[in-house]
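**Q** structure of the sequence below:
(chains A and B)
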Amino acid sequence: MTQTGRGSLTQHNLQINFLELYRNDDRIFSEISFDLSEGQHLLISGANGTGKTSLLRVICGLTIPTGGTILWNQLATNNIDCRYHEHLAYLGHKNALIPELTARENLEYTFEGNRSINRTSSVLEAFGLNKYLDQYAEKLSNGQIRKVALSRILLSEKTLWILDEPVANLDTSGTQFLLAEMQAHLDQGGMLITTSNLNDQTLKPNSEINLDKA
Amino acid sequence: MMKVLRIIFLKDLKVSLRRWSDLLTSFILFVLVCLIFPLTLGNDPSLLLKIIGPVMLVAALLATLLAMQNIFRPDVLNGSLEQLTLNSYPLTLIICTKIFSFWVITSLPLILISGFIASSYYVTGNSILIVILTLLLSTPSLVHISALAAALTVAIRYPGALMALIIIPLSLPIMIFGAKAIEFSISGIDASAPLYFLLGMMFFTCSLGPVVTAAAIKISID
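**A** Residues are numbered from 1 along each chain as shown, chains lettered A, B, ... in the order given. As a prediction, this is how the structure comes out:
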């Protein structure tokens, strides 16, 4: 079992203490604390503009918080020994596809190459992407682009998935497949943080942070 | 680690080649700026030999400025740059690789054609080699300075003018010593002193540039 793969010997754990973010003296959010262990799902809810995306970007390390700490396995995430980013897969509103590359080239443009071919083809099959693999990303529709970006997460073998509005632009069958995959990820000891306006019944979060009240 | 850098290098080369119109624009700009002087000043070798140094370097600066506007911008817009900051590899080395691939794709063609352009300025013999060597030593510095300016201005909608304001003062030493190297060699003086200075500047910008650029990128995508 590799160190980076799921099910390694140490139990992963993400701990957030009193996180707060201010922009030009305006409070975006404050006093966010939670604890996430393997197999748990955290939902961040709230109306538009309450800072869901900002909170996810802070948790990823893209934005530096005004105050508070983010601990991965009891180590601060900016600690050089922490190896937080080895376990993290983030998908924001931007799908991070390069328009000049084909869908296949975009999928291949990752830094860890030991995924199984069966798994790759089953994910692409379920998303209905097989026919479009050799098209340039700029020619794909928004939903297809989202599916390629999500396939990259599903195939990434990272422990912690941070997904911002994962079902945006997805069709019904794509949504169903994604929800099943997220459940499977949790069952295998993965961790999941999502924001979603979807009132979904099939994937129950273990805990929820509502930014309307924060 | 080397495997990751190779993946980034090859991917950047491939993407740049598919944006070939951008590349062609900066290349043609360089050729046109260089050729406009022999065409307009007429058949006066002594005058042309006097101006070739500054003209070459200014043209290289303009071409670099034009090409480097697009080193980070598209990747910031489509979100792939923030994904690059989210892996466990050092951003400085990733940025260094990106800059190197941009140098290969934008500056190497200029260096290759500069010998032919020099001959239209009546430059002969060893001096042609000195012209090529000057560009070879000065373009890495120009590319690193431009990358820093591009990283600082990546959040601005029309960065061209601001980039020029940042780049031109910083690249003045390279302009001065590059022009001197070409001038010395044409007038038969040993040009090694300015060339050594350009080499020193190249090492300085190549070692410090990516560190500063990576920090600027982190701030810009916040």
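**Q** ok and the residue in chain B nearest chain A?
**A** residue B:79 (2.6 Å; C-beta to the nearest C-beta). In short, each C-beta sits where N, CA and C put it, glycine included.
**Q** look at that residue and report its pLDDT.
**A** Residue B:79 carries a pLDDT value of 87.
**Q** tell me the contacts of it?
**A** By C-beta atoms under 8 Å, 6 or more residues apart in numbering or on different chains, the contact list for residue B:79 reads A:92, A:93, A:94, A:95, A:96.
**Q** how about a cut-off of 6 Å?
**A** Neighbour list for residue B:79: A:94, A:96 [criterion: C-beta atoms under 6 Å, 6 or more residues apart in numbering or on different chains].
**Q** phi and psi next, for it.
**A** phi 90, psi 0 (degrees, to the nearest 10).
**Q** with residue A:26 instead?
**A** For residue A:26, the backbone dihedrals are phi -90, psi 130 (criterion: degrees, to the nearest 10).
**Q** local confidence estimate at it?
**A** The model's pLDDT for residue A:26 equals 87.
**Q** can you list the low-confidence ranges for chain A?
**A** Confidence mapping of chain A against pLDDT under 70 gives the ranges A:1-10, A:111-115, A:197-202, A:213-214.
**Q** for chain B, what's the nearest residue on it?
**A** Closest point on chain A to chain B, by C-beta to the nearest C-beta, is residue A:94, at 2.6 Å.
**Q** any idea how far the residue nearest to that residue when sequence neighbours are not counted lies from residue B:114?
**A** Leaving aside its sequence neighbours, residue A:94 sits nearest to residue B:79 (C-beta to C-beta, 6 or more residues apart in numbering or on different chains; 2.6 Å). Residue B:79 sits 37 Å away from residue B:114 when distances are taken as C-beta to C-beta, to the nearest Å.
**Q** swap in residue A:107?
**A** In terms of C-beta to C-beta, residue A:107 sits 40 Å off from residue B:114.
**Q** likewise for residue A:121?
**A** In this view, residue A:121 and residue B:114 are 50 Å apart by C-beta to C-beta.
**Q** residue A:22 now?
**A** Counting by C-beta to C-beta, the separation of residue A:22 from residue B:114 is 52 Å.
**Q** between those two, which is the more surrounded one?
**A** Set side by side, residue A:22 and residue B:114 show more neighbours around residue B:114, with 25 against 13, by other C-beta atoms under 10 Å in any protein chain shown.
**Q** and that one, what does it touch?
**A** So residue B:114 contacts B:131, B:132, B:135 (C-beta under 6 Å, 6+ apart).
**Q** out of these, who's nearest residue B:186?
**A** Comparing these against residue B:186 with C-beta to C-beta picks out residue B:131 as the nearest, at 8.9 Å.
**Q** report the buried residues of the helix or strand harbouring that closest one.
**A** Element membership of residue B:131 [criterion: DSSP states H and E] is helix B:126-152. For helix B:126-152, burial by neighbour count (16 or more other C-beta atoms under 10 Å in any protein chain shown) applies to B:127-128, B:130-152.
**Q** stretch B:163-183 now?
**A** For stretch B:163-183, by 16+ other C-beta under 10 Å, it's B:163-164, B:166-167, B:170-171, B:173-175, B:177-183.
**Q** near chain A, from those residues?
**A** With C-beta under 6 Å from any C-beta of the partner chain as the criterion, the buried residues of stretch B:163-183 include none near chain A.
**Q** show only the entries of these found in helices.
**A** Members of the buried residues of stretch B:163-183 lying in helices (criterion: DSSP state H): B:163-164, B:166-167, B:170-171, B:173-175, B:177-183.
**Q** following the one helix or strand residue B:38 maps to, which helix or strand shows up next?
**A** Per DSSP H and E, residue B:38 falls inside helix B:20-41. Counting by DSSP H and E, the next helix or strand C-terminal to helix B:20-41 is helix B:45-68.
**Q** any idea how far that next one is from the chain center?
**A** 12 Å (C-alpha atoms, centre = their mean, to the nearest Å).
**Q** contacting residues around the helix or strand that it is followed by?
**A** Once the chain leaves helix B:45-68, the next helix or strand it forms, by DSSP H and E, is helix B:73-78. Contacts with helix B:73-78, where a contact means C-beta under 6 Å, 6+ apart, come from B:81, B:154.
**Q** about what we covered before: of the ones in helices among the buried residues of stretch B:163-183, closest to residue A:66?
**A** Residue A:66 lies nearest to residue B:166 out of these, by C-beta to C-beta, at 29.2 Å.
**Q** contacts only, for the closest residue to that closest one other than its chain neighbours.
**A** Spatially, and ignoring its direct neighbours in sequence, residue B:166 is nearest to residue B:149 (4.1 Å; C-beta to C-beta, 6+ apart). Applying C-beta under 6 Å, 6+ apart to residue B:149 gives the contacts B:163, B:166, B:167.
**Q** what segments of chain A are helices?
**A** All helices of chain A, identified by DSSP H, fall at A:52-60, A:103-108, A:117-127, A:142-154, A:172-187.
**Q** would you turn those helices into TSV with distance to residue B:94?
**A** Converted to TSV, the helices of chain A look like this (distance: least, C-beta to C-beta, whole Å):
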stretch	distance to residue B:94
helix A:52-60	17
helix A:103-108	18
helix A:117-127	25
helix A:142-154	18
helix A:172-187	28
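**Q** secondary structure element for residue B:114?
**A** With DSSP H and E as criterion, residue B:114 is part of helix B:91-119.
**Q** ok and that helix relative to helix B:45-68, angle-wise?
**A** 150 degrees (axes from the mean of the first three to the mean of the last three C-alpha atoms, to 10 degrees).
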